[in-house]
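Engineer: For reference, the sequence and a predicted model appear below.
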Amino acid sequence: MLSKRIIPCLDVAHGRVVKGVQFVDIIDAGDPVEAAIKYDEQGADELTFLDIRASHESRDTLYHMVTEVAEHVFMPLTVGGGVKALKDIEGLLHAGADKISINTAAIFNPELVKEAAERFGSSTIVVAVDAKNVGNHWECFTHGGRKPTGINAVEWAKRMSDYGAGEILLTSMDADGTKEGYDIPLTHAVSDAISANVVASGGVGTLEHLAEGLRDGKADAVLAASIFHFGTFTIAEAKAYLAEQGIPVRQV
Amino acid sequence: MSKLALIDYGMGNLHSVAKALEKVGTDVDLVKDADALKGYERVVLPGVGAFRDCMTALKETGLDTAITEQLKQGMPFLGICLGMQALMTASHEFGLYQGLNIIPGAVKHFPESHPERGFKIPHMGWNDVAFAAGKPIHPVLAPLQNQQVYYVHSYYCTPENPEHMLAASSYGDYPFACAIGRDNIVAVQFHPEKSQKAGLAMLESFVNWNPS
């Protein structure tokens, strides 16, 4: 049976992990390779790296980091942040990434997603959707939730899936950082509407939240950052809990 | 020269397959040239992309004939994902295209997705490798017992001869061949190079495999 995936997310800047990874036995908390190895040992199903200060100048640093990580861990790697053109995708894939997450560039240039899926395959292309509740529906926002786009988030996710994105990384800007759980109605609405896989993101504070995202939100995978970084829970603890709840997960 | 040829037909990302093989202690040469294949001890055909493009590239370079010839000579072969599908007689991906016809059978598409039932295409994520009860487990696949491996695919192989089916998996209500082979040939639908310890163990057993 296909397992639901647990994906730790690492924010990086200038090739270093930021927003603190605090494993007890880690020597250098900012080292992406060390963090990746730690998550690999814990049985993470995938890793996602988001370059939060992506700039033209820092591209080579990011490629170098991805190459380093890919030499040490043998699991799917998603990389995002500042992806604007096919050559960015090609560069990251060549460095060793398996999936590339496109965010703002998809809003400004939806055709990029179509071209990228045709050229590199649907399973390689992830579209990150940052959604906010605006009363009777959810709207896409850019710039970390500051700029509204006027685009209906569920319809947008459907369009991106139809354009060939194999996965939607769905972040609730309302839930993000609250530790009160995923936006379940949003996750459920998108999961039911699209053919692409849905990765729920934003708001995890407890293991129960992971179960809710997978069971009630019908997500295919759950992404979390702080609960794993700060050692609140290990991936193994998360999987043991989910298995108890009857959710299929891969035990390592 | 190293002993393992990793076929480079100009598509997909060879990086991770090469790194994983190196991790288990083998030197890897990327081989683009049909004539060069002869000198190697074993061969890996990876694959990402579309069946048609893969077969076109193999034909243009003459690698299709070279691979077929070496497999007849008994060279141990590992096909991964599209590299497994290429062994079949034909594929229905974007029309009907001929494969290498080393394992008789067709490559078919999963049925349409049903998001409301959680059935999505591509089949992406960690899933089982199941072995038929009472049948000996192929030595290359032995490390995968009770392990899940990483899959990303929309098409699957349907070998005509049940003897060629080495392991099965299923997605939703659909069972499919996740490993096929005969004699010196083994091929898998999943990505051992992305399947952490279990995948590396399988690659290691392939590089040490001496089919008689």
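Structural biologist: Yes, it's here.

Engineer: Can you report how many residues neighbour the residue nearest to A:Val83 when sequence neighbours are not counted?
Structural biologist: The spatially closest residue to A:Val83, leaving aside those adjacent along the chain, is A:Ile102, at 5.0 Å (CB to CB, 6 or more residues apart in numbering or on different chains). Heads up, the C-betas are built off the backbone N, CA and C, glycines and all. Here the number of neighbours of A:Ile102 (other CB atoms under 10 Å in any protein chain shown) works out to 26.

Engineer: so what pLDDT did A:Ile102 get?
Structural biologist: pLDDT recorded at A:Ile102 is 96.

Engineer: ok, what's across the strand from it?
Structural biologist: Listed beta-bridge partners, A:Ile102: A:Val127 (assigned using DSSP bridges).

Engineer: does B:Gly74 count as helix, strand or coil?
Structural biologist: Classification of B:Gly74 by DSSP: H, G, I helix; E, B strand; the rest coil places it in coil.

Engineer: That one against B:Asn210, yeah?
Structural biologist: No: using CB atoms under 8 Å, B:Gly74 is not in contact with B:Asn210, being 10.2 Å away.

Engineer: List the residues that contact the nearest residue to B:Gly62 once chain neighbours are set aside.
Structural biologist: Sequence neighbours aside, B:Ala34 is the residue nearest to B:Gly62 in space, at 3.7 Å (criterion: CB to CB, 6+ apart). For B:Ala34, the contacting residues are B:61-63, B:65-66, by CB atoms under 8 Å, 6 or more residues apart in numbering or on different chains.

Engineer: Now for the residues you listed: which two are most distant?
Structural biologist: Spanning the widest gap among the contacts of B:Ala34 are B:Thr61 and B:Thr65, at 9.7 Å by CB to CB.

Engineer: Next, the closest residue in space to B:Glu112 that isn't next to it in sequence: phi, psi?
Structural biologist: Among residues not flanking B:Glu112 along the chain, B:Ile121 sits closest, at 7.4 Å (CB to CB, 6+ apart). Main-chain dihedrals, B:Ile121, degrees, to the nearest 10: phi -120, psi 130.

Engineer: Which positions in the stretch 51-200 of chain A make contact with chain B?
Structural biologist: Contact residues, the stretch 51-200 of chain A versus chain B (CB under 8 Å from any CB of the partner chain): A:70-71, A:73-76, A:93-96, A:98, A:121-124, A:166-167, A:191-197.

Engineer: Now list the buried members of these.
Structural biologist: Buried by 16 or more other CB atoms under 10 Å in any protein chain shown: A:70-71, A:73-76, A:93, A:95-96, A:98, A:121-124, A:166-167, A:191, A:193-197, out of those.

Engineer: Mind checking which of the residues you listed land in helices?
Structural biologist: Of these, the ones assigned to helices by DSSP state H are A:70-71, A:93, A:95, A:191, A:193.

Engineer: Out of the residues you listed, flag the one nearest to B:Met88.
Structural biologist: Checking these against B:Met88 with CB to CB, the nearest one is A:Leu93 at 26.3 Å.

Engineer: Surely the closest one is in contact with A:Phe120?
Structural biologist: Yes: counting by CB under 8 Å, A:Leu93 touches A:Phe120, with 6.5 Å between them.

Engineer: residues bridging contact with the two, i.e. touching both?
Structural biologist: Shared contacts of A:Leu93 and A:Phe120, counting by CB under 8 Å, 6+ apart, come down to A:Ile100.

Engineer: Tell me which of B:Gly74 and B:Asn210 has more neighbours.
Structural biologist: Neighbour count, other CB under 10 Å: between B:Gly74 and B:Asn210, B:Gly74 has more, with 12 against 9.

Engineer: Please name the nearest non-neighbouring residue to the more buried one.
Structural biologist: Using CB to CB, 6+ apart and skipping residues adjacent in sequence, the residue nearest B:Gly74 is B:Asn184, 5.0 Å away.

Engineer: List the contacts of that neighbour.
Structural biologist: B:71, B:74-77, B:211.

Engineer: Leaving out sequence neighbours, find the closest residue to B:Gln70.
Structural biologist: Leaving aside its sequence neighbours, B:Gln70 sits nearest to B:Leu37 (CB to CB, 6+ apart; 5.7 Å).
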